[in-house]
Structure formats: C-alpha cells, structure tokens
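**Student:** the following block contains a protein sequence and its predicted model.
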Amino acid sequence: LARRLTLNTGAAIPTLGLGTWQSEPQVIGPVIRHAIEEGYRHFDCAAMYKNEAEIGRAYKSIINDGLCRREDLFITSKLSPYDLFPDKINDAVNKTLSDLKLDYLDLYLIHWPHRIKYPPLNTTDTSHVEPYKENWMKDAWIILENIFKEGRLKAIGLSNFSIKKMEHILSNSTVKPAVNQVENHIYFQQAVMKKYLDSKEILMQSYSPLGSPQRSSTAAEDPTVLSDPVVKRIADTHNATPAQICIAFLLRDNKVVLAKSVNPIRLKSNLNSLDIQLTEQDYKDITAVDKNYRLFRARFLRPYSTYKNFWDEDF
Ligand code: A2P
C-alpha cells in the first residue's frame, strides 16, 4: 500500500497518521515519542483536543534529540469553531504554532462548518452556536488563504464539510482546499464524497477508521466496526487484526487514514496495516458491508431547527 500521497500543493503526505483526539494530555507526550520510534511521521492534532502544548513539548525534545527532523514530520492542526471569526483566526494559528512549538504547519483545517460564539451556558443553550453561512465561511477561507500564501500554513483544508459547502468554498477561492477530513470507515464508506473529492483533486482524510469505540456520543443501535464478521473472517485469512483490515481497506482507496491509539502495541500494529495486501475479493466483500451509517450525527445539535441539515443530508 502507498505510504505517501501527494497533496494538490505538490507536498507529500504520509498515508497513515496518528490521531490525537481523546489522547489525555498527561499520556500523549511519551505516545508521540513512541510513535515516531515505531515509524509514524504524520500526526493529526487540533486546538479543540486540548493537548497541543504537551504534543509540542514532545516534538521539541524529539527533534532536539535527533530522533527525526522537523521536515520529516507531517503535522496537521485545526481551527476551532470558537476561533472561526475573522478577528480570531490569525491569533488561533499563532497559538497552535506556539503550543506545538513549530514555525509552520503542514496542513491546517477548518475543523467544523459552524462557529461557536461562547461556551454553552447549559445543556439547552442553543444560541452559543452560529450555524454555517456561506458568506462568513468564505471570509474565513480568504484569511486562511492569506496565511497560506505567507507560508505559516503549507496547506489548508476542510473537515466535516458536505459537498454543498465545499462547492461554496471552491466557487470563490484562489487556493483550493487540499483535503476534506471526514468520518470514514467500513460502515460509512462515503463513495459519493470520495468520487467528488477525486474529481477536484482533493484528498479524503478518514477519521474514526475503527468506528471510534471511545466516543462519548454512542447510541444503542450504532454498529461496532471492529466486530464486523466479514472483517473478522478476512482478518483471520491474513493473520491480521480487524483493525488492520479496516485501515488497509481505506488505504487501498487512496485515502489518508487517521487512526488513534495511545497503546504501544495497537499503535504499532495499526502502522503495520500498510503491509496488508487485500485481495480483490476481500475488497469487494468489505465494500458490501457498507451501511451508510454516520456515527457522528451531531446529535447534540439535533434539536435545533437551524441544524436539521447540518450534514446537508437527511439522517
Ligand atoms: P487506544 O488508544 O486505547 O488504543 P478511531 O481511530 O476510529 O477513533 O478509534 C480509536 C479508538 O480505537 C481508541 O479508543 C483506541 O484505543 C482504539 N484502538 C486503536 N487501535 C486499535 C486496535 N488496533 N484495536 C482495537 N482498538 C483500537
């Protein structure tokens, strides 16, 4: 399987990255070091994950120790919905750079297509969220384009954007998004999105490739990716784990896969997915288990009428 793909900027991106969401600040530092020792070079971070300062300290000591060079690493971060306001974007980029102890990011994404004016006052406070509007989003994109042109961001992209919202950005931009990072796993294969992104030369980044077993917003009816019987059978034939098969399946489609683990054994075995060669039949069989089932349904937003179409689709 390809270890690197090329962004529409011309830069190379390692196809398997380590996710850092829900990696506790007190554990993530040694995890980053261990991951680099095992061969990870791509890290997917975000201001919202509240662990960038610890990750930054790890990068700094790793680079100081000569374990790898900055230019060998591919580091992504994301603009929080709290900072998706024209007067906050530049400071947010600088804060993330300072936390991560870097002078540039390889990729910077708009994390979500809505923005948050202030922390929710209580669980029923709906007005803190400002729903997506084409106009303010375009303004935000132009600010990111300018920072990209200055060089602090080597590539810029989107996350959790529907095709409709991406069209708004594309119709008015001078810098095309390099990626759209979206939920993507065997039960949510996103064939339509992938085809669209391919047609625009935009890479798909897959989050929750293992079905995010750790997420808090679970529902009783949610299917469990790692227990899929077809995946289990195929894992046995390859002497592999279900997680490795799930990752290899996405990589085979030229997607950039972001798998999270803070466990040294799982982290290493996830990286070894790159060595798995699925047969045509394996690929077909796994394609057929798709349920078009979104696990991240933004249920927290559901009661609010403005968010009936959060994903620009019915759910
Ligand atoms: P842990 O960090 O303890 O390994 P996703 O990337 O889909 O969000 O999934 C991440 C979750 O899956 C984390 O809870 C992680 O826990 C767990 N996980 C990561 N790798 C594996 C694996 N190889 N097998 C089972 N669970 C895994």
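**Tutor:** That came through fine.

**Student:** per-residue confidence at residue 141?
**Tutor:** Looking at residue 141, its pLDDT is 98.

**Student:** what's around the closest residue to it other than its chain neighbours, how many residues?
**Tutor:** Nearest residue to residue 141, sequence neighbours excluded (C-beta to C-beta, 6 or more residues apart in numbering): residue 169, at 5.4 Å. The C-beta positions use only the backbone N, C-alpha and C, and glycine is treated the same way. Residues lying near residue 169 (other C-beta atoms under 10 Å) number 22.

**Student:** relative to the ligand, how far out is residue 169?
**Tutor:** 26 Å (C-beta to the nearest ligand atom, to the nearest Å).

**Student:** right, and that residue touches residue 178 too?
**Tutor:** No: with contact defined as C-beta atoms under 8 Å, residue 169 and residue 178 do not form a contacting pair (11.8 Å).

**Student:** quick one, phi/psi of whichever residue of the stretch 1-150 of the chain sits closest to the ligand?
**Tutor:** Closest approach between the stretch 1-150 of the chain and the ligand, counting by C-beta to the nearest ligand atom: residue 19, at 5.1 Å. Geometry field for residue 19 lists phi and psi as phi -80, psi 150, criterion degrees, to the nearest 10.

**Student:** tell me who's in contact with it.
**Tutor:** Residue 19 sits next to 44, 207, 258, 259, 260 when contact means C-beta atoms under 8 Å, 6 or more residues apart in numbering.

**Student:** can you pull the contacts of residue 242?
**Tutor:** Counted by C-beta under 8 Å, 6+ apart, residue 242 has contacts 225, 226, 227, 228, 231, 232, 235.

**Student:** now, of those residues, which are buried?
**Tutor:** The neighbour-count criterion (16 or more other C-beta atoms under 10 Å) marks 225, 226, 228, 231, 235 among the contacts of residue 242 as buried.

**Student:** so which of the residues you listed sit within strands?
**Tutor:** Nothing among the buried ones among the contacts of residue 242 maps onto strands, per DSSP state E.

**Student:** save the residues you listed as CSV, and put in distance to residue 183 too.
**Tutor:** Shown next, in CSV, are the buried ones among the contacts of residue 242 (distance: C-beta to C-beta, whole Å):
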residue, distance to residue 183
225, 11
226, 15
228, 16
231, 17
235, 22
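
**Student:** overlap between those residues and the residues near the ligand?
**Tutor:** Restricting the buried ones among the contacts of residue 242 to those near the ligand by C-beta under 6 Å from any ligand atom leaves residue 226.

**Student:** adding pLDDT, write the buried ones among the contacts of residue 242 out as JSON lines.
**Tutor:** Formatted as JSON lines, the buried ones among the contacts of residue 242 follow (pLDDT from 0 to 100):
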{"residue": "225", "pLDDT": "97"}
{"residue": "226", "pLDDT": "97"}
{"residue": "228", "pLDDT": "98"}
{"residue": "231", "pLDDT": "98"}
{"residue": "235", "pLDDT": "98"}
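
**Student:** among the buried ones among the contacts of residue 242, which one sits closest to the ligand?
**Tutor:** residue 226 (5.7 Å).

**Student:** surely the closest one meets residue 213?
**Tutor:** Yes: between residue 226 and residue 213 there is a contact under C-beta under 8 Å: 6.7 Å.

**Student:** any buried residues in the helix or strand hosting residue 268, and which?
**Tutor:** When elements are assigned from DSSP states H and E, residue 268 belongs to helix 264-271. Neighbour-count burial for helix 264-271, counted by 16+ other C-beta under 10 Å, picks out 266, 267, 268, 269, 270, 271.

**Student:** same question for the closest residue to residue 175 other than its chain neighbours, what's its three-state structure.
**Tutor:** In space, residue 175 comes closest to residue 145 once its chain neighbours are excluded; the distance is 4.4 Å by C-beta to C-beta, 6+ apart. Three-state call for residue 145 (DSSP: H, G, I helix; E, B strand; the rest coil): helix.

**Student:** contacting residues for residue 145?
**Tutor:** Going by C-beta under 8 Å, 6+ apart, residue 145 touches 156, 173, 174, 175.

**Student:** ok, these vs residue 203, which is closest?
**Tutor:** Closest to residue 203 out of these is residue 156 (12.7 Å), distances taken as C-beta to C-beta.

**Student:** quick check: the closest one touching residue 142?
**Tutor:** No: under the criterion of C-beta under 8 Å, residue 156 is not in contact with residue 142, lying 10.8 Å apart.
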